[in-house]
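A.B. asks: no sequence for this one, just the structure:
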């Protein structure tokens, strides 16, 4: 069950004769003014797209490749082929010259010396601890036999002196409190009760009366200024707002809304007109330039190109391939001649190379070779 009501469709507000009278002339004028602007805008958009696709994008790709070739690839090659090998060599040198000697020095020098110093420190500490235990025992005996009785006697003496001082101080405090009470507090209370309080009440009553008079005066002046401002400023401003500015604002709002709607309709209609004009110009350009060029390419240039390919280019290519094969054969012959001359010169200088001697193999030479039907072993020999 749906407890929420669906929103009611908004009904269009009724339009008056002023709206209808303003709408048609405004739309006509705006359409006449917007059509050239829309056609110029569409021409600029088409030119911009053509410039982007044919000039800016290839130029950007070329600039990107140039930037890579000038800034990225040299740094990559410097990092890969210079800095990384140099860093690895420096790391290896640092390890060999610093880390390995430092580890060796720590392991074979500092560690034994530190262990020896630690043993010596433990021995010295044990001796100091033994001496300290002896000294502590002596101080403990002095504290128990001498300092503790003296301290207790001093505490008893100080306790007695403190009790006497406390009794004297209590008497002095009591006398001072009595004097302060009857010489300061009682006269001050009498002065406040019989003189200051009545005078303060009289001053407060006078101040209240003065404040009441000032409030009555300010209220009267405020009411006068209020009614003066209301009659001279507020009521004329309200009448101006209600009877002048609101109607003029409504008329201007209607005119502005109609101009905005007219601009939207005119922009859309101008877009359709611009599209139709663009299609017409494209078709005219295709009829005048593209179709004749295509016909010339198909009917004239293509047969001529085929004839040139079959009559000129293919024989020239065959002749070039034959010349290439002849040149390669000549180069091969020259290379073999040079190799043979070098071998003859080496043989003339150093003599014939020693031929490798034949090594006896397990296979019997000559006719008595091993076959599938016979064997050379003594047990299976035929």
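C.D. replies: Sure, I can see it. All values reported here derive from a predicted model rather than from experimental measurement.
A.B. asks: which SSE is immediately downstream of the longest helix along the chain?
C.D. replies: Secondary structure of the chain read by DSSP state H shows that its longest helix is helix 246-285. The element immediately downstream of helix 246-285 (helix or strand, assigned by DSSP states H and E) is helix 291-296.
A.B. asks: give me the buried positions along that following helix.
C.D. replies: By 16 or more other C-beta atoms under 10 Å, helix 291-296 has no buried positions at all. Quick note: C-beta positions are derived from backbone N, CA and C, even for glycine.
A.B. asks: and for stretch 97-112?
C.D. replies: Neighbour counts over stretch 97-112 (16+ other C-beta under 10 Å) mark no residue as buried.
A.B. asks: can you give the distance of that stretch from its chain's centre?
C.D. replies: Its chain's C-alpha centre and that of stretch 97-112 lie 46 Å apart, by C-alpha atoms, centre = their mean, to the nearest Å.
A.B. asks: quote the end-to-end distance of that stretch.
C.D. replies: One end of stretch 97-112 sits 22 Å from the other (C-alpha to C-alpha, to the nearest Å).
A.B. asks: just the helices in the protein please.
C.D. replies: For the chain, the helices defined by DSSP H occupy 17-51, 57-67, 73-78, 84-94, 100-105, 111-142, 148-180, 186-191, 197-229, 235-240, 246-285, 291-296, 302-308, 314-350.
A.B. asks: now do the longest helix of the chain against helix 17-51: the angle between them, please.
C.D. replies: 40 degrees (axes from the mean of the first three to the mean of the last three C-alpha atoms, to 10 degrees).
A.B. asks: mind giving me the packing neighbours of helix 246-285?
C.D. replies: helix 17-51 (3 or more C-beta pairs under 8 Å, 6 or more residues apart in numbering; DSSP states H and E).
A.B. asks: which helices and strands does the helix it packs on pack with?
C.D. replies: Contacts defined by 3+ C-beta pairs under 8 Å, 6+ apart place helix 17-51 against helix 246-285.
A.B. asks: how distant is the helix it packs on from the center of its chain?
C.D. replies: 44 Å.
A.B. asks: could you list the buried residues of that helix?
C.D. replies: Across helix 246-285, burial judged by 16+ other C-beta under 10 Å covers 254, 258, 259, 262, 263, 266, 267, 269, 270, 271, 273, 274.
A.B. asks: quick check: the third one touching residue 26?
C.D. replies: Yes - contact between residue 259 and residue 26 holds when scored by C-beta atoms under 8 Å: they sit 5.8 Å apart.
A.B. asks: output the lowest mean pLDDT helix or strand found in this protein.
C.D. replies: Using mean pLDDT, DSSP states H and E, helix 17-51 stands out as the lowest-scoring helix or strand of the chain, at a mean of 76.
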